[in-house]
Structures are given as structure tokens and as C-alpha cells.
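Enquirer: next one to model:
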Amino acid sequence: MGLLDDKVVLVNGGSQGLGAAVARAAVREGALVAVTGRRPEPGEALVAELAELAEAGGKALFVRADLADAEQAKSSVARVVDTYGRIDCLVNSAGLTSRGTLLDTTPELFDAHVAINLRGPFFAMQAAVADMVGRGAPGTIVNVITSAAHGGQPFLAPYVAAKAGLVGLTRNAAHAHRWDRIRINGLNIGWTATEGEDATQKTFHAADDDWREQAAARLPLGKLGQPDEIADFVVFLLSDRSGVVTGSVIDWDQNVLGGLD
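Expert: Down below sits the predicted model:
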């Protein structure tokens with residue numbers, strides 16, 4: 001039996017990168033999976049792949065949605081409920097990582113970070129929890145956050161502000177709905193080898209094609225965070241095997257908070 005047998009899982013921001021890795025892991029563990037994304041081509045390609053990974057009769061769903069729009073964040077959950085009859089698990093994996101310091105961040109950039117990194121997860125959670133509570137059914141949510149929520153680099157000011165808000169929201173919602181048997185946890189991931197990170201490094205830091213190798217050589221364990229490894233941990237948190245844990249924001253990184261050389 002899989003960890004998520006017959007569970008309906010929505011992965012927001014799931015058409016590529018870490019979200020896609022989570023979707024693959026969830027399907028392998030027996031889930032019915034839906035993913036959201038802004039671009040239909042990678043989304044449809046992924047759900048075709050997921051359908052092949054699933055057991056006979058399995059299916060997957062792509063929902064085109066811009067999670068910066070609160071109504072689209074809510075309607076993505078509604079589409080899943082309409083298709084599968086319910087939602088059991090939600091993963092908020094979408095994220096904006098464009099750069100800005102305290103001094104050069106514009107109101108428009110700040111608002112964009114809040115919209116994608118905080119407001120979208122808020123209203124997706126609102127819709128998912130409403131379905132769970134309405135059915136009197138348990139559920140699980142995992143918010144993919146960032147180790148930068150502890151402070152981060154100076155050029156991540158709006159990103160840190162929004163993601164730190166998601167840390168607080170994760171704990172608040174977990175406390176509010178613990179008696180509904182809805183467990184909500186967060187994962188503060190470190191530097192991760194994804195398509196999005198590749199674009200970020202090349203766009204904002206003029207990185208060469210071998211930036212991953214250069215970065216890995218400077219890290220304690222000799223590699224960046226791997227999406228498939230993080231995905232397995234997310235699936236564990238979604239599953240009953242993670243027991244009663246709720247309201248936890250777990251640091252998933254090789255740098256130790258508070259450790260100094």
C-alpha cells in the first residue's frame with residue numbers, strides 16, 4: 001500500500017521543479033493528483049506523465065491558474081473538488097524569487113511577492129479547509145517555505161517578508177483547525193536544484209551553466225537540495241505516517257540555524 005492511497009492531492013505550482021517532483025512522488029504513493037500552473041504546455045505534459053506513472057485507471061488533472069489572483073487560487077481547489085468530489089491534501093509550492101533589497105524594492109515588486117508567496121497560499125488553504133470542514137473529514141496541508149524566512153540575504157527582502165508571513169500563517173491555521181483533524185505543516189527548504197533556481201541564478205547573478213557544480217562544491221554535503229528527496233519528505237508529511245505532527249515548520253537544509261564558524 002502507498003502512503004497516499006486514494007487521497008486527492010492538489011499541488012499548487014506543480015507543473016515544474018519541486019512541485020512536479022511532489023506530484024510524481026504523490027502518484028507513486030497512490031494519490032489522485034492535480035497540479036496548477038500558469039503555462040498549459042508543461043502542465044499538460046506533466047499530467048500525461050503522471051497518468052502513465054499511476055496504476056491502471058489512474059488519472060491526473062492540470063488546472064491552469066495564476067495563484068497571484070486570490071479567486072484563481074480558490075477556484076483551483078473548487079475545480080479539484082468538482083472533479084474528484086473532495087480534496088484531502090494540499091501542497092503550496094508556487095513561489096516568486098525575484099530579487100529586491102529594502103532600499104530598491106518597489107511597491108509593485110513587494111505586492112507581487114505577497115500575492116504569490118502569501119496571499120495565494122492563504123486563499124488556497126481557505127478553500128481546501130472549507131471543503132474538509134464541510135465534509136467533517138481530516139486533511140493535511142504542506143506549505144513549501146524557505147530557510148530564508150529566518151532572515152535571508154539582503155537582496156531577498158520582499159521574498160523574506162512574504163515567506164515569513166507564510167510561516168506565521170502555517171502555525172495559525174494549524175492551531176485553528178487542530179480539532180478538525182486537519183494537520184498543517186511547513187518546510188523551510190534551502191538552496192535547491194530546480195529549473196526555477198537555474199533561471200534565477202542566470203537572470204540575477206550572471207551564473208554560468210556549471211553553477212550547480214560550483215555551488216555544490218561549497219556546500220557541506222557536496223550537493224544542492226534535490227527535488228525528489230524533498231518531495232519524499234513532503235509526501236511523508238501529507239501521509240498518516242507523520243502521525244499527529246501539526247503546526248511544525250521544519251528546516252530542511254544543510255546549514256544549521258545559529259551555527260557559526
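Enquirer: how near is residue 212 to residue 122?
Expert: Residue 212 sits 33 Å away from residue 122, going by Cβ to Cβ, to the nearest Å. (Glycine included, C-beta is placed from N, CA and C.)
Enquirer: now do residue 260
Expert: 35 Å.
Enquirer: with residue 26 instead?
Expert: Residue 26 is 22 Å from residue 122, where distance means Cβ to Cβ.
Enquirer: so what sits opposite residue 33 in the bridge?
Expert: residue 9, residue 60 (DSSP bridges).
Enquirer: and for it, the neighbour number?
Expert: By other Cβ atoms under 10 Å, 33 other residues sit near residue 33.
Enquirer: quick check, it in contact with residue 12.
Expert: No - contact status for residue 33 versus residue 12: not in contact, 11.8 Å apart, counting by Cβ atoms under 8 Å.
Enquirer: tell me which element the closest residue in space to residue 117 that isn't next to it in sequence is part of?
Expert: Closest residue to residue 117 apart from its sequence neighbours, by Cβ to Cβ, 6 or more residues apart in numbering: residue 162 at 3.7 Å. Using DSSP states H and E, residue 162 falls within helix 157-176.
Enquirer: contacts for that helix next, please.
Expert: Contact with helix 157-176 is made by 92, 95-102, 105, 109-110, 112-114, 116-118, 121-122, 125, 129, 141, 143, 145-146, 148-149, 151-152, 182-186, 188, 246-247, 249, as judged by Cβ atoms under 8 Å, 6 or more residues apart in numbering.
Enquirer: one step back: which one's more surrounded, residue 26 and residue 122?
Expert: It is residue 26, of residue 26 and residue 122, that has more neighbours when counted by other Cβ under 10 Å, with 32 against 17.
Enquirer: pretty sure that one sits against residue 238.
Expert: Yes - contact criterion Cβ under 8 Å: residue 26 and residue 238 qualify, at 7.3 Å.
Enquirer: now do the shared contacts for the two.
Expert: 4, 7, 9, 89.
Enquirer: taking those one by one, which sit in strands?
Expert: 9, 89 (DSSP state E).
Enquirer: adding distance to residue 176, neighbour count and pLDDT, write the shared contacts of residue 26 and residue 238 out as JSON lines.
Expert: Output for the shared contacts of residue 26 and residue 238, formatted as JSON lines (distance: Cβ to Cβ, whole Å; neighbours: other Cβ atoms under 10 Å; pLDDT from 0 to 100):
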{"residue": "4", "distance to residue 176": "24", "neighbour count": "26", "pLDDT": "96"}
{"residue": "7", "distance to residue 176": "22", "neighbour count": "24", "pLDDT": "96"}
{"residue": "9", "distance to residue 176": "22", "neighbour count": "31", "pLDDT": "97"}
{"residue": "89", "distance to residue 176": "18", "neighbour count": "25", "pLDDT": "98"}
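Enquirer: possible to save the shared contacts of residue 26 and residue 238 as CSV with distance to residue 197?
Expert: Listed next are these as CSV, based on distance: Cβ to Cβ, whole Å:
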residue, distance to residue 197
4, 26
7, 29
9, 24
89, 25
